Structures are given as structure tokens and as C-alpha cells.
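# generate a structure from the sequence data that follows.
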Amino acid sequence: MGHIEVDLFSTLDLVAQAPGGPEEDTEGGFRFGGWQAPFQDPTIGQEIVAGIMAMDALLLGRKTYEMFADYWPTQTDDFAGGIAGKFNSIPKYVASRGKINLSWTDSHQLETDLPSAIGELKSRHENIHVIGSLNFFQALYTGGLFDRLNLMLFPITLGQGKKVFSSGTIPARLRLAEPALSTDSGIVLLRYDLLEGEPETGQM
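Have a look, this model is predicted:
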């Protein structure tokens, strides 16, 4: 049985909206699109590339899929450490209830029964990654349908924007899977495994 990892970029106040560019997601009047761009960190870059090269399937929400499908097919195989070649060669799955253009090579739309669709994906692939796709992540989190959260925290706060954990977040327990990785630019990479059961309580 395969596993699903979610890769998210977040500020310290857990805003994960539009890290890549100004036009990525302006919903709610968000004006800080592209906040990740000033942090050109080679250590984090290596971690991102390593994760991508290890995956055998890509799972995305509709908005992120459309951005990726518009960009990556036009890039050469050797771009950014081989990322383009990897993305273009592996199966892509998109979660969307509406009709979507699946022209990107080897792209497939998930069935509407998300738990069933995720189970099928995990029986077919070993290492599935969700990148960004913040709205879709909320559905995965609520349903306990992922295995690991790779959370990259950047040393800024924005005070507005969509959060990693929305108002619909369920009680859940996570375990740090390996020691945190910190970089000279102040980015911290935390890898959490999702555990079964709700958080325990006690008296201090």
C-alpha cells in the first residue's frame, strides 16, 4: 500500500495562500502573492527536488493542477534539477467535481467518492505527493486521507490569507517523523505523520 505526502509552504502565522506568485490566488483580496519568492534557499530547494524525484504520482486540487498544466509541459527535462521531466512523465490526478481540461499528459480526474478514490490511488502507487492545493488539503485532512505533512515554515507573518488549518479542521494527532531541518535563511522543514485517534487531554 502506498502513501500520500502533502507538501505545503507556510508563513509563521500559517498562511499558505499563493506562495508562488502575485496572480496565483487573489481570493479574499489577498495582496501578498509570491511571498515565498524572496527566499532562494538551496537547502530547501534540494529537499523539494529530492521529494519530487522520489514520487511516482502527483495529486492536485483543481487550481494548482491548472497552474501546473499551463506551465510544466513547456519546460525542458533538465529544468530545475529534472523537475519538469519528472512531472511530465508521471501520472497526474486532479480532484475536481466540475469538468476540467486534462490535456497534460497522463492526467486523470478523481472520482467524487474521495475516500474510495484515495484508496485506489494508494493501491496503484507507492509515493504520491500533493503540492500546495490548499483547499484540497482541507478535505484530505478532514477525512484523514493523507499519511505525512511536509510543512515548510518561512520566517514571516502576513496577517491575512488562507490558513494551513482552516476553521473546519478536525481534532487530530500528528507525530514528528524526523528531526526538524532548519536553514540559514530561517526556514524550518517539519515532517509530520498523521496518527489515528483524537488528541488526549489531562491535568497539568
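# going by C-alpha atoms from here, please, whenever you check contacts or count neighbours.
Fine.
# point out the other helices and strands that the helix ranked longest in the chain packs with.
Identified as the longest helix of the chain according to DSSP state H is helix 42-54. Judged by 3 or more CA pairs under 8 Å, 6 or more residues apart in numbering; DSSP states H and E, helix 42-54 is in contact with helix 83-89.
# give me the sheet partners of whichever helix or strand comes after the helix it packs on and which way each runs.
As assigned by DSSP states H and E, the chain's next helix or strand after helix 83-89 is strand 92-95. Applying DSSP bridges, strand 92-95 is found paired with strand 57-61 (parallel), strand 107-109 (parallel).
# quick one on the thing from earlier: buried stuff in the longest helix of the chain?
For helix 42-54, the neighbour count (16 or more other CA atoms under 10 Å) marks I44, I52 as buried.
# what residues does it touch?
Identification of contacts with helix 42-54 by CA atoms under 8 Å, 6 or more residues apart in numbering yields A80, G81, G82, I83, K86, N127, H129, T183, I187, L189.
# minimum pLDDT in those residues, which residue is that?
Lowest model confidence among those falls on A80, which carries 62.
# phi, psi for the residue nearest the centre of the chain please.
The centroid of the chain falls nearest to I131 when counting by CA atoms, centre = their mean (2.7 Å). Main-chain dihedrals, I131, degrees, to the nearest 10: phi -110, psi 130.
# once you drop chain neighbours, what's closest to it?
D7 (4.9 Å; CA to CA, 6 or more residues apart in numbering).
# tell me the spacing between the one you found and G28.
23 Å (CA to CA, to the nearest Å).
# can you check D56 too?
Taking CA to CA as the measure, D56 falls 34 Å from G28.
# those two - which one has more neighbours?
Ranked by neighbour count (other CA atoms under 10 Å), D56 and G28 place D56 first, with 19 against 9.
# isn't the more buried one up against N127?
Yes: between D56 and N127 there is a contact under CA atoms under 8 Å: 5.5 Å.
# what helix or strand is R175 on?
Taking DSSP H and E as the criterion, R175 maps to strand 173-176.
# that's all I had, so thanks and see you.
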